[in-house]
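[1] next comes the sequence, and after it the predicted model I'd like to discuss.
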Amino acid sequence: MAASALPILCTAIAPKSFVSSLPRPTPINLLRSKIVCSSVRSVKATPTEVEEEAAAGGGGGTKLSAWTSVPQQRWEGDMVVDGQLPLWLNGTYLRNGAGLWEADDLAFDHLFDGYATLIRVSFQQGRATGAHRQIESDAYMAANKDDPIVMQEFSQCPKPANLLDRVRNVVGLLSGASVTDNPNVNVVPLGDGRVMCLTETTKSSTLIDPDTLDTVGKFKYTDKLGAMIQSAHLICTDSEFLTLLPDLLRPGYLVVRMETGTNEMKVIGRVDCRGGPKPGWMHSFAITENHVVVPEMPIWYSLTRLLRSELGQFYTFDCLPTSRSYMHVMCKSTGKTVASVMVPPFMAIHFINAYEEVDKHGEAAEIIADCCEQYGDPAIIKTLVLRQLRSFRGMDLLPNSRVGRFRIPLDGSTFGELQSALDPEEHGRGIEMCNINRACIGKKYRYAYGCGARRPCNYFNTLTKMDMVLQKAMSWYEEGAVPSEPFFVARPGASNEDDGVVMSIVSAEDGGGYMVVLDATTFKEIARVKFPYGLPYGFHGCWIPAKNS
Ligand SMILES: CC1=C(/C=C/C(C)=C/C=C/C(C)=C/C=C/C=C(C)/C=C/C=O)C(C)(C)CCC1
Ligand SMILES: [Fe+2]
């Protein structure tokens, strides 16, 4: 019965034109696949732009699944392993991302808008099983109703047809009712057995079951902070999680902590904005052992745009290139801002790591903070429009980026520095989605793993290991493939920072999908774990070690 289940499921949830573009699972995988039907109403995908554009002679092609909705309510199955998985690799990798950009009559334009899609790969003694599910957020469920509703997503806002609609929109936004809860960016183990998925709205914080990928329910904050937006990259340590909450009424950022096992965010301190009357966009931030690093970029969420439902070239953002950029540093234990320096204009969606550089007395003298930096240009946001990703593969449209390294003096100076941590040519003048050995978070570190570029390309197409000491990089590349964020897993008992494996889920040019596992030291491929069909692109992942490992 299982052998025919996947095509039946696909037929049930997608019109013929879409199904025909899905890569066919191989018989061996079908025999091992277990399909579980969800109670959610089926998603009806419309024919994708990629098909239309390919038919019209566009450069997209039909096979690569990275930018294509793969309507899979629920799949679980054994996976075929090519190569040798290390026997010590026991645990679960989870990846979250915006993997479904069409539902009923809706079609999103931007990569960041898609409905949250979870992928799981679990490893045990050299074998692997996989799973794929949508998160059942209110936004996703509403989009699949007979009368679908779109909430305020990253680039999409509800379109008012008349004055009454306009008033409803304003009320919906200010009350939070029409703000998205689609938790499509990150997946974070909270250290107490709970696993949270989230995006930049606080109401998106959702608990999921890491085994079944079931949506457990909303994470209910018990504090009275009432924050509506948050960093999508909260940072979890052994005892707490730290995050930033932009304060929209009194422009600034609250730095908050939540003790492991609780639901209450407590304020450590606040940083006032210096660049203008509204807090800068802040998708991620960094910590050191004793400090929290708060970035302030010259690009802001615009409440006026949101309320008027009038999006600009950077959607809900306003961007003033003449505005200044700042880096603030807060002491974790006192909540005091110990540095607030002006830096060259920067644009960084993702911070990589930060640490304290000490003077000869062993005192912290400056903070080093590394990020994926776009030379101060927000153009990357436009690069991630689905039409461009689907249509212009092989064209050199990816804006230049680098590992930006901030030096923030702690001696009261008013300026900080921003330079490239290594020659950007080492990673093809493109770098994003970086990860490090988690044991090095907040500490001096040597290696970062990210997605780099082999040009010409319209998206990051390599996996790259960067050695920040030698300022050199090594890359993994496969023609036409789109790898997602590389994730480092340390070998138990390892003493070298790069002793372990790096894993990444790849959408292959032929329409297939697999996880590639690289030896983190040599950066050579050691195994491929194959999915029975190609997967959509995804953003961030996490690792949950097996209980007995
Ligand atoms: C800005 C104000 C509000 C609304 C904020 C909303 C609706 C923010 C939504 C943000 C999203 C969905 C961001 C997603 C970003 C994804 C990224 C960058 C993915 C990166 C991958 O790694 C109100 C709540 C209406 C209050 C007034 C101000
Ligand atoms: Fe992110």
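    The structure has been received and is ready for your questions. Numbers count the residues shown, from 1 in each chain. Ligands and ions are numbered 1, 2, ... in the order given.
[2] mean confidence for stretch 493-510?
    When the per-residue pLDDT values of stretch 493-510 are averaged, the result is 98.
[3] which parts of the stretch 151-300 of the chain sit against ligand 1?
    152-154, 173, 179-180, 185, 199-201, 228-229, 248, 283 (Cβ under 6 Å from any ligand atom). The way it works is simple: take the backbone N, C-alpha and C, and place the C-beta from them, glycine included.
[4] apologies, that question was intended for the stretch 401-549 of the chain.
    Checking the stretch 401-549 of the chain against ligand 1 by Cβ under 6 Å from any ligand atom, the hits are 539-540.
[5] just give me the residue right at the centre of this protein.
    For the chain, the residue sitting closest to the mean C-alpha position, by Cα atoms, centre = their mean, is Phe539 at 3.3 Å.
[6] ok, that residue - contacts?
    Taking Cβ atoms under 8 Å, 6 or more residues apart in numbering as the criterion, Phe539 is in contact with 95-98, 184-186, 433, 484-485.
[7] rerun at 7 Å
    Contact criterion Cβ atoms under 7 Å, 6 or more residues apart in numbering gives 96-97, 185-186, 485 as the residues in contact with Phe539.
[8] swap in Ala439?
    By Cβ under 7 Å, 6+ apart, Ala439 lies in contact with Ala490.
[9] let the chain start at 46 from now.
    All right, first residue 46 from here; so that's Ala484.
[10] how about it, secondary structure?
    Under the three-state scheme (DSSP: H, G, I helix; E, B strand; the rest coil), Ala484 adopts helix.
[11] thinking again about what came up before, export the contacts of Phe584 as a markdown table, with columns for secondary structure, pLDDT and neighbour count.
    Converted to a markdown table, the contacts of Phe584 look like this (DSSP: H, G, I helix; E, B strand; the rest coil; pLDDT from 0 to 100; neighbours: other Cβ atoms under 10 Å):
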| residue | secondary structure | pLDDT | neighbour count |
| --- | --- | --- | --- |
| Asn141 | strand | 98 | 27 |
| Gly142 | strand | 98 | 27 |
| Val230 | coil | 98 | 24 |
| Asn231 | strand | 98 | 24 |
| Glu530 | coil | 98 | 24 |
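[12] and the closest residue to Ile280 other than its chain neighbours, how far is that from Tyr298?
    In space, not counting the residues next to it along the chain, Ile280 is nearest to Leu287; the distance is 4.9 Å by Cβ to Cβ, 6 or more residues apart in numbering. Per Cβ to Cβ, to the nearest Å, Leu287 is found 12 Å from Tyr298.
[13] over to Asn482?
    As for Asn482, its distance to Tyr298 is 28 Å (criterion: Cβ to Cβ).
[14] looking at those two, which one has more neighbours?
    Between Asn482 and Tyr298, Tyr298 has the larger neighbour count (other Cβ atoms under 10 Å), namely 26 against 23.
[15] name the helices or strands packed onto the helix or strand that one falls within?
    Under DSSP states H and E, the secondary-structure element containing Tyr298 is strand 297-304. Other helices and strands packing on strand 297-304, by 3 or more Cβ pairs under 7 Å, 6 or more residues apart in numbering; DSSP states H and E, are strand 285-292, strand 311-317, strand 336-341.
[16] may I see the buried residues of that strand?
    297-303 (16 or more other Cβ atoms under 10 Å).
[17] next, format those residues as JSON lines and append pLDDT.
    Rendered in JSON lines, the data for these read as follows (pLDDT from 0 to 100):
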{"residue": "Gly297", "pLDDT": "95"}
{"residue": "Tyr298", "pLDDT": "96"}
{"residue": "Leu299", "pLDDT": "98"}
{"residue": "Val300", "pLDDT": "98"}
{"residue": "Val301", "pLDDT": "98"}
{"residue": "Arg302", "pLDDT": "98"}
{"residue": "Met303", "pLDDT": "98"}
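[18] could you check whether stretch 172-192 is close to ligand 1?
    No. Stretch 172-192 lies apart from ligand 1 when judged by Cβ under 6 Å from any ligand atom; the minimum separation is 9.5 Å.
[19] I'd say Cys416 and Ala393 touch.
    Yes. With contacts counted by Cβ atoms under 7 Å, Cys416 reaches Ala393, the gap being 3.8 Å.
[20] need the overlap of contacts for the two.
    In contact with both Cys416 and Ala393: Gly449, using Cβ under 7 Å, 6+ apart.
[21] separation between Arg302 and Pro590?
    When distances are taken as Cβ to Cβ, Arg302 and Pro590 turn out to be 24 Å apart.
[22] cool, His395 as well?
    24 Å.
[23] please say which of those two ends up with more neighbours.
    Using other Cβ under 10 Å, the more surrounded residue of His395 and Pro590 is His395, with 22 against 14.
[24] in terms of pLDDT, where does the more buried one sit?
    The score at His395 is 98. That number is its pLDDT.
[25] phi, psi of the residue of the stretch 346-495 of the chain found nearest ligand 1?
    Proximity of the stretch 346-495 of the chain to ligand 1 (Cβ to the nearest ligand atom) peaks at Tyr346, 3.4 Å away. Reported as degrees, to the nearest 10, the phi and psi values for Tyr346 are phi -60, psi 130.
[26] who does the closest residue to Ser276 other than its chain neighbours bridge with?
    Excluding its sequence neighbours, the residue lying closest to Ser276 (Cβ to Cβ, 6+ apart) is Leu289, at 4.6 Å. For Leu289, the residues forming beta bridges with it (DSSP bridges) are Val300.
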